[in-house]
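Q: below is the sequence, then the predicted model.
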Amino acid sequence: MKTAAGVVIVAVLLFPLYWMVNASLQPSGALLRPDPAFFPVGGTLDGYRKALATQGPNLVSSVVVALGTVLVSLVVAAPASYALAQLKVRGGPVLVFVLLIVQMIPGIVMANALYTVFSNLGLIDNYLGLVLADSTATIPFAVLLLRAFMISVPKELTEASRVDGAGYWRTFFSIILPVSRNALVTAGLFAFLFAWADFLFAVTLTTGQSFEPITVGIYRFVGNQSADWNGIMATAVLAAIPAAVLLVVAQRYVVAGLTSGAVKD
Amino acid sequence: MTLAAPVLPVPRRTGRRPRCGTRFAAWAFLLPAVAYVVVFFGYPLAANVVMSTQDYTVKSFYTGEAPFVGLANYAAVLTDPLFSTAALNTVLFTAGSLVFQFVIGLALAVFFTGRFLGSALLRSLLLLPWLLPLVVSGAVWRWMFDQDHGVLNAALRLAGLGAVPWLSSTGWALPAVILTNIWIGIPFNLVILHGGLRAIPASLHEAAALDGAGAWQRFRYVTWPLLRPVSGIVLMLGLVYTIKVFDVIMVVTGGGPANATQTLTTWSYRLSFQDFTFGRGAAVGNVLILVATGFGLLYLRSAKATLAEAAT
Amino acid sequence: MSVARRALFLAASAALLAACSPSPAPQTPDAPAATSVTELDYYADEQGSAAWQKILDACAAQTGIKIERQTVPTAQMLPKILQGASSKTLPGLLFTDNPTLQQVAATGALTPLSDYGISADGYYPSIVKAGTYQGKIYGVAPGVNGLALIYNKDLLTAAGVQPPSTWDDLKAAAAKLTKDGKYGLAFSAIPSEEGTWQFLPFFWSNGAELSQLDSPQSTQALRYVTDLVTSGSASKSVVTWNQNDVADQFVAGNAAMMINGSWNLARLDEQASLHYGVVPIPVPKAGAKPVVALGGEVGAVPVTSGPTQQAAGKVLSCVLAEPIMLQWSKAHAYIPSKTAVAARFGAEQPAMQAFVDEVGSARSRTAELGEKYPKVSQALADAIQASLTGKQPADQALKTAQQAAGS
């Protein structure tokens, strides 16, 4: 019963996505006709052919950049969140505040500044450069998110381990991280999505000479003077597939029950 | 500060930890993040503040020279007739987006707690709106909003209501853009709130149910209070991200028609990249940062309270 | 925070800021000639990109200089230029929209093209003016384009309407063609340069000037266009359509006529069932000449290093040579910017003749206003939107625009 309701909800919410798939199977601009076809009967696979022919490497680049961003973000953010949430730190609230504020810096300002710095350091057209740049969007978010979760980790867990003689690192690795798996997966998921969908840093820090993430590659179909919607939508659909697959896989890792068995009532 | 070798903290049965060891460990955990923030955000933020006090033009990019004008940019921006329009639009856009994104996201998160056939798959599918490049989602929504041939108006006509000039009228353009932004923002709220709901032990719900509490009462007295830290962060971050929204508005309406969807962020971009008065664009950007700072302080005060509660 | 840590952070910030200052361009007085040159353009779409690549390949072969090409989406062109300017990493060769040239030249980042033996002889005066800053020529375009009235032959014949040549004709034709859910006319009126560009033919043909936005001629032009929308001959959605969208609408059969540029012809040719015709944009009174704005990208040589600049100059000279100019114009549906070449081109391609005629009387947008053009353009676009959406009557909207443009 709930499944049926769920399907209806998803269908309504994802209708624009269906429209996109519909557009990807019809000639460019077909959806603008007076009676747009709801079903792409007699459609065309031209867009997909074009997209597959040209965008394959770009998909791989995007995956590499996104996974790199997840790695860097979690490695930097998780320990910081632990400290902010569980350990009494004098500058703690100040850092939280700063992390909130730096996210307000307009993207174009960040892009311009990073371009200047990176071009001096030779990090243009460089996977590491783009990962570091994308992480500026994900690390503050990850820290704040993880902190919100880690605050609710019961003190009994950490005290139990400290009473057993474990140092802070042991506590962090053996207790906090496993218990926060929910939150880590969530933060990692968002880091992936941020990096995957990023356009501004991608277009600023690459010149098209080496690699090109998919968000930039899609503009091959958007010219100054024409837009091949068929190709654009097909590319978007193709781009959504690997990310969607990763999403489904990651959701499976969320284990229900935060404290089952860890603390004896 | 003495640089003696760090003392390995001796665990005490009373649970009170020695200060020095804790502080050192805490800063060791924090160091990568702090260093990252200083290195990557310090320069852009400082540059933006400096630029807002200068008469920065295209020439300044090349020559590096920009005459100092003090607060003249801020004065010009605040007295510009477009400022009140943009500010009002920003408030409406942000409030409208946040309220609905949060409520719908929460409703969906509650709906998807507890396992049923296909729940994981359906929930993952709901994240797809966020995966799409904005040039794509924006274009799709623009077609859907098209006054003459868009799907939305077709549906409205079928239902017997009149067609709505979504994007071509100054009254409807802002709701249209808010609607698009809500659609894009639901996954964010859904995932985080769902994670937060998952973190509430089932035992508490069971206990409340045993005590005779109905579903709404369980939500109000068990779920909602425990969800507060997560709700707080979702709303705070949602605020920051919504104020910053740029691509969605630019792709769907470009700030028009007639500035009906011009927010402070899009106006900042226009001042910089269409009028080439970068100092003024930076000034508007800093005004936004100040606004976010105000809300950030509010959030911190409530978060401090939550932290204090958790510590007891 | 302890004193030691505070000092460490300050030192790190200082080091970062020191690293952030751009390094000066390398000075190589006696370096050998450069063998490769970086190039930047915004022909990102498949068709345009392929056509431009052929041009670059031809010139690379001819000059023996390797061309490293970078393409960005249109909206990213200016940020890229600015980033390049501030980090002193501008490309060797730059192709940018002609109204932007004034801004870039004003920064001092471009070199005069006379340094490379490129002269302005034989070009349309308007394109020369567009690329001239303070008396020196910094950019020349291999091809230019303009706007015309493109109409659907079948729809016009069915309604018994002749392609209009004056404003009154246009109004009547559009009204007659608006039926069965189709609109008579489609054009773009978005709040940006594109909207202004589409309005300028009406504006200039009626005798208005950009220096005086609220003149009677200007008000008349705006009232005319507004009337087309309020009377229903053009969709209210024109305030949301860019030129790509307008073309989409025309191809989908939602509009019988459209105001659009020559670059669409390749796409229109692909639609076998669509029979189109091209006439110059209608003028206020019979016999007058339409005055459209000049479009097209100019090639410029930024300041890099001596050898690189010389190499870039060679490549640019090759691009501007007649055979290449002709090749580019044919491939991308532009008009050659040399008058003699354009005349030959028009003779070979009758479909483009209307455009060729217009280019003769076209005007460059930045000719009078130079760097001040973007602000005026934005003010005018806002006025157009205010008038078309009914927010303000035309004359008031233009008064507001004149005030905004002047400040």
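A: On my side now, so go ahead.
Q: please count neighbours and contacts with C-alpha atoms only from this point.
A: Will do.
Q: and the residue nearest the centre of the chain?
A: Defaulting to chain A. Nearest to the geometric centre of chain A sits A:Leu193, at 1.7 Å (Cα atoms, centre = their mean).
Q: looking at chain C here, not the other one
A: Going by Cα atoms, centre = their mean for chain C, the residue that ends up nearest the centre is C:Gly295, at 3.8 Å.
Q: residues touching that residue, list them.
A: When the contact criterion is Cα atoms under 8 Å, 6 or more residues apart in numbering or on different chains, the partners of C:Gly295 are C:97-98, C:144-146, C:364.
Q: run the last query once more with 6 Å
A: Taking Cα atoms under 6 Å, 6 or more residues apart in numbering or on different chains as the contact definition, C:Gly295 lies against C:144-146.
Q: show me the strands in chain C, by range?
A: Counting by DSSP state E, chain C has these strands, from start to end: C:36-41, C:66-71, C:93-97, C:110-111, C:132-133, C:136-137, C:139-140, C:143-144, C:147-152, C:183-186, C:255-261, C:276-279, C:297-302, C:335-336.
Q: what's the closest non-adjacent residue to whichever residue of chain B sits closest to chain C?
A: With distances taken as Cα to the nearest Cα, chain B approaches chain C most closely at B:Lys59, which sits 3.9 Å away. Counting by Cα to Cα, 6 or more residues apart in numbering or on different chains, C:Thr107 is the residue found nearest to B:Lys59 once chain neighbours are left out, at 3.9 Å.
Q: what's the answer for C:Ile67, then?
A: On the basis of Cα to Cα, 6+ apart, the spatially nearest residue to C:Ile67 that is not a chain neighbour turns out to be C:Val37, at 5.0 Å.
Q: what about that neighbour, how many residues nearby?
A: Residues contacting C:Val37 under the criterion other Cα atoms under 10 Å in any protein chain shown number 21.
Q: quick check: it vs chain B, distance?
A: Here the criterion is Cα to the nearest Cα, to the nearest Å. By it, C:Val37 lies 20 Å from chain B.
Q: now A:Pro27
A: Distance check for A:Pro27 against chain B: by Cα to the nearest Cα, it reads 15 Å.
Q: quick one, what contacts residue 195?
A: Since no chain was named, I'll use chain A. Contacts of A:Ala195 by Cα under 6 Å, 6+ apart are A:66, A:134.
Q: switch to chain C, that's the one I care about
A: Counting by Cα under 6 Å, 6+ apart, C:Gly195 makes contact with C:188-189, C:381.
Q: what about 8 Å?
A: With Cα under 8 Å, 6+ apart, C:Gly195 has these contacts: C:188-189, C:242, C:381, C:384.
Q: then B:Glu65?
A: B:56, B:59.
Q: and it, which of the three is it?
A: The local conformation at B:Glu65, judged by DSSP: H, G, I helix; E, B strand; the rest coil, is coil.
Q: for C:Cys59, give me the pLDDT.
A: With respect to pLDDT, C:Cys59 has a value of 93.
Q: surely it is in contact with C:Val315?
A: Yes. Taking Cα atoms under 8 Å as the contact criterion, C:Cys59 and C:Val315 are neighbours in contact, 6.2 Å apart.
Q: who touches the residue in the stretch 301-407 of chain C that chain A sits nearest to in this structure?
A: The shortest separation between the stretch 301-407 of chain C and chain A is 10.0 Å, found at C:His332 (distances taken as Cα to the nearest Cα). Listed by Cα under 8 Å, 6+ apart, the contact set of C:His332 reads C:48, C:51, C:263, C:266.
Q: mind listing what the third one touches?
A: Applying Cα under 8 Å, 6+ apart to C:Trp263 gives the contacts A:225, C:145, C:332-334.
Q: which of these sits closest to B:Gly160?
A: When these are ranked by distance to B:Gly160 (Cα to Cα), A:Gln225 comes first, at 38.5 Å.
Q: pLDDT weak spots in the stretch 1-150 of chain B?
A: For the stretch 1-150 of chain B, the stretches with pLDDT under 70 are B:1-22.
Q: try 90
A: Counting by pLDDT under 90, the stretch 1-150 of chain B contains low-confidence residues at B:1-40, B:42-48, B:51, B:55-66, B:69-70, B:80-81, B:109-140, B:142-144, B:146-150.
Q: how many other residues sit next to the residue in it positioned nearest to chain A?
A: Taking Cα to the nearest Cα as the measure, the stretch 1-150 of chain B has B:Leu30 as its residue closest to chain A, at 4.4 Å. For B:Leu30, the tally of surrounding residues (other Cα under 10 Å) stands at 23.
Q: quickly find the element holding it.
A: Under DSSP states H and E, the secondary-structure element containing B:Leu30 is helix B:19-52.
Q: B:Gly296 too?
A: Here B:Gly296, judged by DSSP H and E, is contained in helix B:278-311.
Q: just want the angle from that helix to helix B:19-52.
A: For the pair helix B:278-311 and helix B:19-52, the angle between their directions (axes from the mean of the first three to the mean of the last three Cα atoms, to 10 degrees) equals 160 degrees.
Q: how about helix B:278-311: buried residues?
A: By neighbour count with 16 or more other Cα atoms under 10 Å in any protein chain shown, helix B:278-311 contains the buried residues B:278-289, B:292-293, B:295-296, B:299-300, B:303, B:306-307.
Q: from those residues, pick out the ones that also neighbour chain A.
A: B:285, B:288-289, B:292-293, B:296, B:300, B:307 (Cα under 8 Å from any Cα of the partner chain).
Q: now those as JSON lines including pLDDT?
A: Output for these, formatted as JSON lines (pLDDT from 0 to 100):
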{"residue": "B:Gly285", "pLDDT": "89"}
{"residue": "B:Leu288", "pLDDT": "87"}
{"residue": "B:Ile289", "pLDDT": "86"}
{"residue": "B:Ala292", "pLDDT": "82"}
{"residue": "B:Thr293", "pLDDT": "85"}
{"residue": "B:Gly296", "pLDDT": "80"}
{"residue": "B:Leu300", "pLDDT": "77"}
{"residue": "B:Leu307", "pLDDT": "59"}
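Q: so what pLDDT did the residue nearest to the centre of chain A get?
A: On pLDDT, A:Leu193 comes in at 85.
Q: quick one on the thing from earlier: just the contacts of C:Gly195 now: which is nearest C:Met257?
A: C:Met257 has its nearest neighbour among these in C:Ser188, at 12.5 Å by Cα to Cα.
Q: and the helix holding B:Leu30, how far from the chain's centre?
A: Remark: helix B:19-52 is offset 22 Å from the chain centroid, using Cα atoms, centre = their mean, to the nearest Å.
Q: what residues of it count as buried?
A: Of the residues in helix B:19-52, B:22-23, B:25-27, B:29-30, B:33-45, B:48-52 count as buried by neighbour count, 16+ other Cα under 10 Å.
Q: then stretch C:171-187?
A: For stretch C:171-187, the buried set under the neighbour-count rule, 16+ other Cα under 10 Å, comprises C:171-178, C:182-187.
Q: of the contacts of C:Trp263, which is the most crowded?
A: In terms of neighbours by other Cα under 10 Å, the contacts of C:Trp263 top out with C:Tyr334 at 28 neighbours.
Q: that one reaches C:Ser262, doesn't it?
A: Yes. The pair C:Tyr334 / C:Ser262 is scored as a contact, 6.4 Å apart, by Cα under 8 Å.
Q: identify the contacts common to the two.
A: What both C:Tyr334 and C:Ser262 touch, as defined by Cα under 8 Å, 6+ apart, is the set C:Asn145.
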